[in-house]
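Asks: I would like the atomic coordinates for the input below:
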Amino acid sequence: MPQIDLNSDIGELEGDAGRALDAEILKTVTSCNIACGGHAGDDVSMAATLRLARDGGILVGAHPSYPDKEGFGRRAMEMPLSELKQSLTDQVRALQTLAAAEGVSVRHMKPHGALYNEAAKSQPLSECICDVLTETGISVLFGPPNSKLETEAEKHGLRFLAEGFVDRAYEADGSLVSRSLPGAVHKDVSLMTDQAMALARSGEVNTLAGKRISLPVQTLCLHGDTSGAAEIARTVKAHLIDQGIEVKAYA
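Replies: Okay, here's the model as predicted:
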């Protein structure tokens, strides 16, 4: 039976409403990526989301980014790699410290936003990210398939989980369509369920231009800050199970 991990980026929205949405999403996904201060999140939100994940038996990962709360980490930043590495290390260690206090292990790391997209194409950036994992003792990296991140993870002896997106459109080269362009984010739930099925079952996806490309993945992302995210997550998961896909956390 084909199987897939479902992950979600959480801890990104503020206050009680943000934690309530996280709690709903965590009832559906099998792993999560917690914002740890670069683009969103603080000690309070991190501790709360860690407790939610722990109580739900959900695998936890760090979700660091460029230090850019104003731009929500969606802007590429020009900064020395040494400074970026220190920022990412500080973000991950902040989450690890809080996780230890809550009895939680930080199992993986997934870069956020512009850092994710830039590192997919950049050997220096992907090497920087893998160095952070090595130094913080995290052995699993989430990232785009067939990317520089995957190549560097292999060089560093890390486990790489290729990730697909349920609610994002793809270009012909397998990269995500820029959020600045029309059609970059899917709004139609049926389109999301179809894309999830194609990725989980055949490792393929339709591009924005209509071409079908190979995109083998082991985990699917359901964005936690999308309108109606919790209901979308439930619908997608139910559809996958109904169609014979085992939804299961990575081992």
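Asks: Tell me where the stretch 51-200 of the chain has strands.
Replies: 59-63, 106-109, 140-143, 159-165 (DSSP state E, counting those that start in this stretch).
Asks: what's the most buried one of those?
Replies: Among those, strand 59-63 has the highest mean neighbour count (mean count of other Cβ atoms under 10 Å), at a mean of 27. C-betas here are computed from N, CA, C, even on glycine.
Asks: Check the offset of that one from the chain's centre.
Replies: 9 Å (Cα atoms, centre = their mean, to the nearest Å).
Asks: Please apply the same query to stretch 174-187.
Replies: 16 Å.
Asks: So which bits of that stretch are buried?
Replies: Buried residues in stretch 174-187, defined by neighbour count with 16 or more other Cβ atoms under 10 Å: 174, 176-177, 184-186.
Asks: Name the nearest of those relative to residue 64.
Replies: For the buried residues of stretch 174-187, the closest approach to residue 64 (Cβ to Cβ) belongs to residue 176, at 18.5 Å.
Asks: Leaving out chain neighbours, which residue sits closest to that closest one?
Replies: The shortest distance from residue 176 to any non-neighbouring residue, by Cβ to Cβ, 6 or more residues apart in numbering, is to residue 168 (5.1 Å).
Asks: Is it correct that that neighbour is in contact with residue 181?
Replies: No: with contact defined as Cβ atoms under 8 Å, residue 168 does not reach residue 181; the gap is 11.3 Å.
Asks: Look up the pLDDT of the nearest residue to residue 132 once chain neighbours are set aside for me, please.
Replies: Counting by Cβ to Cβ, 6+ apart, residue 132 lies nearest to residue 88, which is 4.7 Å off, once chain neighbours are set aside. Residue 88 is assigned a predicted lDDT (pLDDT) of 98.
Asks: start at 24 instead
Replies: Sure, I'll start counting at 24 from here, so that last one is residue 111.
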